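>>> what's the 3D shape of this:
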Amino acid sequence: MKGIGTDLVDVERFRLALDRTPTLADRLFSDEERAYAATAPDPAERLAARFAAKEAVMKALGVGLGAFALRDVEVVRAESGQPGVRLSGPAAALAEERGVSAWLVTLSHTTAVATATVVAL
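You can find the predicted model right below:
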């Protein structure tokens, strides 16, 4: 194991940030992430879980905000529904530098909180 990260997001606070800054979702999430979230009755819950995963990846790599753009980490889904992450740009370069060859990802959310745990292997 190369690293582990976890993050917790207050869904209502995240929803308010999305409402206050209409371009925020475009800056943080890929088209696919936003499209997937839009299929839910409350997209803010799914977006908050994906935001938590992006922050958890940073923690697993041992870096903080500013090390790479949050859009460099995309939360993807297997056909089974199992979440994963796909890294690009500086995030992918950092993961390669750290010897990360695979990721384990778990996401969960309620109407109040969203959480993600990420293991870098």
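>>> for Ala53, what are its contacts?
By CB atoms under 8 Å, 6 or more residues apart in numbering, the contact set of Ala53 is Asp7, Val73, Val75, Pro83, Val85, Val105, Leu107, Ala116, Val118. All C-beta atoms are positioned from the backbone trio N, CA, C, and that covers glycine.
>>> mind picking the two most distant members of the residues you listed?
Farthest pair in the contacts of Ala53 (CB to CB) is Asp7 and Pro83. Separation: 13.7 Å.
>>> check Leu61 and give its pLDDT.
Here the pLDDT value assigned to Leu61 is 98.
>>> that one: neighbour count?
When neighbours are counted by other CB atoms under 10 Å, Leu61 registers 23.
>>> closest one to Arg13 out of the contacts of Ala53, please.
Taking CB to CB as the measure, Asp7 is the one of these closest to Arg13, at 13.3 Å.
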